[in-house]
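Novice: turn this into a model:
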Amino acid sequence: MKPKNCLIFGASGQIGRNLIRRLTKSNIRVTAVTRNIHQKGYLLKTQANPGFLEIVEGNIFDLSLLEKLFKSADFCINLIGILYEKRKGDFKKIHCDFPKMLSILSSKNNISKFVHLSALGVEDAVDSLYAQSKFAGEKEIISNFKESIILRPSVVYSVDDNFTTNFMTILNLLPFFPLYYKGNTKFKPIHCSELTDFISKIITTNINERIIECVGPEEISLKEIVQKLLKSIQKKRILIPMPLFFAKISAKIFEIFPKPLLTSDQLRLLKYDNLPSGKYKTNLDFGFQKNLKFDVEVQKYSYMWRNEGEYSKNEKTMHKEIK
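Specialist: Alright, predicted model coming up:
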């Protein structure tokens, strides 16, 4: 029996790389689209079972390339997203126009399932360009293709993320850390492996819910996240609640940098809790919960930010690795 083929956009990110491994273990062939095969190819090739991965280099807005790829695809997964705009209009282009193209092609080619990764809370954050572009993309997908499944995850973390790793880098360097909105914003962080296991289950089983919110087992405030990270890297820092006026100024300054630590749009987004809305089912409603604890998972890679580095690992951890 010929293996099913899954077309993945955004395969070289933390979610994509983990997902390739899980799908190919389930005997699903993966076609990964990347802008730079020389830069990303070697990373992706190590994630798949031999013969189950094809890497295609190209522009994601190349319609002729997309039409060719969709002809041999059974499933499509879109993981592409950006956290800030390098040019005005990038949010709309990436979060709305591109998903619209994929949903139309999915319908045209009778794809079995189109899974699109959005974000938790995009309906509520009405003053965030990021959130509203994501929400607009969801509307386009729903109107164009009935076999679409939209996933809205809370913060996704792992050793390869840009969330805990950036925080730990900053906490390692600075003697203090600013808390925006007093650090009261709440999250239900989900580990990358938990999310990718669930996506794999969607592809391989009969889950057809239109919108699913994806969360981890714990509700944690931003302040608590920072405190847990500090404990994990064995550092003490002064946590300073930053007044909104100064927060806005700092965001404007950060926006000057090529990879800003914070933008004005992200600051507005932090006003809103990143929790399930109650309007839709979550991954937990499908009996799919690994109960991975934030402290325990971060502990596995946080040693890199401690003073002693790898040598700061405790004996129990090292004994498990040797085994």
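
Novice: next one: phi and psi at the closest residue to Pro178 other than its chain neighbours?
Specialist: Nearest non-adjacent residue to Pro178, counting by C-beta to C-beta, 6 or more residues apart in numbering: Met242, 4.1 Å away. C-beta: built from backbone N, CA, C; applies to glycine. With angles defined as degrees, to the nearest 10, Met242 sits at phi -100, psi 120.

Novice: hang on, Met242 packs against Tyr180?
Specialist: Yes: using C-beta atoms under 8 Å, Met242 makes contact with Tyr180 at a distance of 5.8 Å.

Novice: ranges for the strands of the protein?
Specialist: Counting by DSSP state E, the chain has these strands, from start to end: 5-9, 29-34, 53-57, 75-78, 113-117, 148-153, 156-157, 176-180, 186-187, 190-191, 211-214, 220-221, 238-242, 281-282.

Novice: dump the ones you listed to CSV, plus mean pLDDT.
Specialist: Compiled in CSV, the strands of the chain are given as follows (pLDDT from 0 to 100):
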stretch, mean pLDDT
strand 5-9, 96
strand 29-34, 92
strand 53-57, 90
strand 75-78, 98
strand 113-117, 97
strand 148-153, 98
strand 156-157, 97
strand 176-180, 93
strand 186-187, 97
strand 190-191, 96
strand 211-214, 97
strand 220-221, 98
strand 238-242, 95
strand 281-282, 96
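
Novice: could you dump these to JSON lines with mean neighbour count?
Specialist: Below are the strands of the chain laid out as JSON lines (neighbours: other C-beta atoms under 10 Å):
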{"stretch": "strand 5-9", "mean neighbour count": "24"}
{"stretch": "strand 29-34", "mean neighbour count": "23"}
{"stretch": "strand 53-57", "mean neighbour count": "17"}
{"stretch": "strand 75-78", "mean neighbour count": "26"}
{"stretch": "strand 113-117", "mean neighbour count": "23"}
{"stretch": "strand 148-153", "mean neighbour count": "23"}
{"stretch": "strand 156-157", "mean neighbour count": "25"}
{"stretch": "strand 176-180", "mean neighbour count": "17"}
{"stretch": "strand 186-187", "mean neighbour count": "20"}
{"stretch": "strand 190-191", "mean neighbour count": "24"}
{"stretch": "strand 211-214", "mean neighbour count": "22"}
{"stretch": "strand 220-221", "mean neighbour count": "19"}
{"stretch": "strand 238-242", "mean neighbour count": "14"}
{"stretch": "strand 281-282", "mean neighbour count": "18"}
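
Novice: what about these, which gets the closest to Leu269?
Specialist: With C-beta to C-beta as the measure, strand 176-180 is the member of those nearest Leu269 (10.3 Å).

Novice: how about residues contacting the closest one?
Specialist: For strand 176-180, contacts defined as C-beta atoms under 8 Å, 6 or more residues apart in numbering pick out 170-171, 222-223, 226, 237-242, 247, 250, 262, 267, 270.

Novice: and the residues you listed, which is closest to Ser64?
Specialist: Closest approach between these and Ser64, by C-beta to C-beta: Leu262, at 39.0 Å.

Novice: what about the closest one, how many residues nearby?
Specialist: Other residues within reach of Leu262, judged by other C-beta atoms under 10 Å, total 19.

Novice: same deal with Tyr280?
Specialist: 15.

Novice: go on, Phe254?
Specialist: 17.

Novice: what does Asn172 give?
Specialist: 16.

Novice: cool, and the one 3 residues further on?
Specialist: Other residues lying near Pro175 total 9 when counted by other C-beta under 10 Å.

Novice: would you agree it is in contact with Lys236?
Specialist: No: counting by C-beta under 8 Å, Pro175 stays clear of Lys236, with 9.3 Å between them.

Novice: what about the longest helix seen in the chain, distance to the chain center?
Specialist: For the chain, the helix with the greatest residue count under DSSP state H is helix 129-144. Taking the mean of its C-alpha atoms, helix 129-144 sits 17 Å from the chain's own mean (C-alpha atoms, centre = their mean, to the nearest Å).

Novice: ok, back up a step: which of the strands of the chain sits closest to Phe135?
Specialist: strand 148-153 (10.0 Å).

Novice: just checking, what packs against the closest one?
Specialist: strand 113-117, helix 129-144, helix 192-204, strand 211-214 (3 or more C-beta pairs under 8 Å, 6 or more residues apart in numbering; DSSP states H and E).

Novice: now with 7 Å, please.
Specialist: Strand 148-153 sits against strand 113-117, helix 129-144, strand 211-214, with contacts defined as 3 or more C-beta pairs under 7 Å, 6 or more residues apart in numbering; DSSP states H and E.
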